[in-house]
Each structure stands twice: as C-alpha cells, then as structure tokens.
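S.K.: what follows is a predicted structure for the sequence shown.
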Amino acid sequence: MSSEEETSQTSSSSCPSPSSSTSSQAPLHFIGKKADIIRAGRVTKLVNGCRDVLILHHQGQLYAMDMHCYHSGGALQYGDIEEFNGKLCIVCPWHKYKITLGEGEGLYQAVDDPTARPLWTYWRSKGVKQRIHKVTEVNGDVYVTLNNSSEATDSDVYQTERYRTVALKAQTKVKPKK
C-alpha cells in the first residue's frame, strides 16, 4: 500500500460480486470525496446494488458498517457516537443498542449478582452483530470494500431485497387527512 493510501477499517458482506469471483482482490466501491464525507459526517450508500452501508467520519477516522441496526433495523445514520468501556460505539436511535464502530460488536451492561447492593454493572460483548466493511482512502477519494465473509452476521437480515421492498412500502403509505 502506498503512502497515499490509508486503510481505515475492515469487515464482511454477503453480496455476490462477479468481479470478486474472477480476482483474488475484492473490488473497491467509490463512495465520495473524503472532504465531502468529513463535511457531512455521515453518508449512506447502496453499494454494489445490494448493501446499504453507512460511512461515517469520527475523530479523524472513517468507518463503514451496514446501515440498519442488527436488532430491529433502526437507521444507524441517526445514532449518537459514544464511548463505552473504552470503545467507540454508535447507539441505535430506536432501542439504544450499542455497536462498536471498529468491530461491529453489540455491547450490553451485565450484572453478576443482581441481589448485591450496590448493584455493580459492567460492559460485555455479545460478539459481532453488525457487519463492518473496509474503508480505503486514495488521493482524497473514499472507497468501501464489502466484507466478503461467508459467516452470517445479524445485520445481514436487513440487507435483502425483501426487506427493502417492505421498508419502501411502509414509507410510501400515507394516510389521507379527513
């Protein structure tokens, strides 16, 4: 990798990619200019015609993940970024699920002894729940490489055409005022 290239993130996707089957290198998908992404803070994009991806800039770092929360499909582009147990997380605006930006882990507060007073809680990982993708910057252009892991991730459920069709129908249904 040249000094002009910067890799910021790694991860996985289940989209079929014709070019990845003929080459050992997964394809880069152009997202936009780094300056524009920094200015916007967050960008969403349908990548390769099959993955809704959120690309965000936080504290000088670019991250990419599936756009819909693994729990219930919440729109992560509206989530707050907070630190939990030393890890940067996006907090789903629907149900407050915490997802690490770098690994896609779901975090939760655990209690060893619920009868003890005071109640002592600490952060634990549920494991990887959100698919994270690789972000590459080349000469001011930002690209995403979809995570090509065949291992299923909970957020995959919201990356289907069936889900997109149902979500689109729900958005377009408007009840007329009487």
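M.R.: Here it is on my side, so go on.
S.K.: quick check, Leu88 in a strand?
M.R.: Yes. According to DSSP: H, G, I helix; E, B strand; the rest coil, Leu88 belongs to a strand.
S.K.: how near is it to His68?
M.R.: For Leu88, the distance to His68 equals 19 Å [CB to CB, to the nearest Å]. C-beta coordinates here come from the backbone N, C-alpha and C atoms, glycine included.
S.K.: between these two, which is the more surrounded one?
M.R.: A side-by-side neighbour count of Leu88 and His68, using other CB atoms under 10 Å, places His68 first with 25 against 16.
S.K.: list the beta-bridge partners for the more buried one.
M.R.: Counting by DSSP bridges, His68 forms beta bridges with Ala75.
S.K.: same question for Thr136.
M.R.: With DSSP bridges as the criterion, Thr136 is bridged to Thr7, Tyr143.
S.K.: what's the answer for Leu62, then?
M.R.: When bridges are called by DSSP bridges, Leu62 pairs up with His57.
S.K.: that one contacts Leu56, doesn't it?
M.R.: Yes. Between Leu62 and Leu56 there is a contact at 7.4 Å, judged by CB atoms under 8 Å.
S.K.: for Ser155, phi and psi?
M.R.: Torsion angles at Ser155 (phi, psi; degrees, to the nearest 10) stand at phi -70, psi -10.
S.K.: neighbours of it, how many?
M.R.: Neighbour number of Ser155 under other CB under 10 Å is 27.
S.K.: ok, now how distant is it from Ala110?
M.R.: According to CB to CB, Ser155 stands 22 Å off from Ala110.
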